[in-house]
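A.B. asks: Please find the sequence and the predicted model below.
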Amino acid sequence: MFGIPGRQAVTLTPAAITQIRRLMERQGAEGLRIGVKKGGCAGMEYTMDYVSEVNPLDEVVEQDGARVLIAPMAQMFLIGTEIDYETSMLEAGFRFRNPNVVESCGCGESIKFREDAGEGA
């Protein structure tokens, strides 16, 4: 929809691919839907949900058996994002390296996008 022709809107690291495939199998899901919603101290938050069916308006990104569905309202905010999965001694989770983000809160759960994010896409 909003992506660059011939390029996926987001890319997945090998660690993210492994974790998404594991979650899809464990949950019996068709994929992991990523979206954004208003909230948090910086203004927006990422959302992630298992889905049992693909919405025809979702942008589908598939890499090595991992399927990510990008909700229609999030597509313009996620163009160029790399999704990774990181583990440390204290936490594990998905990390979004998003060139459209200009600010994030101290806890890393909330983000603010560039004013022109998605324009011209």
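C.D. replies: Arrived safely. Just so it is clear, the structure is predicted and the values come from calculations on it, not from any experiment.
A.B. asks: So Met24: helix, strand or coil?
C.D. replies: Following DSSP: H, G, I helix; E, B strand; the rest coil, we place Met24 in the helix state.
A.B. asks: ok, it - contacts?
C.D. replies: Glu30, Gly31, Leu32, Tyr50, Ala66, Arg67 (CB atoms under 8 Å, 6 or more residues apart in numbering). Bear in mind the C-beta positions are built from the backbone N, C-alpha and C, glycine included.
A.B. asks: pLDDT below threshold where in the chain?
C.D. replies: 1-7, 42, 105-121 (pLDDT under 70).
A.B. asks: So which residues of it form helices?
C.D. replies: Remark: helices assigned in the chain by DSSP state H are 14-27, 75-78.
A.B. asks: List the buried residues of stretch 19-38.
C.D. replies: Gln19, Ile20, Arg21, Leu23, Met24, Ala29, Gly31, Leu32, Arg33, Ile34, Gly35, Val36 (16 or more other CB atoms under 10 Å).
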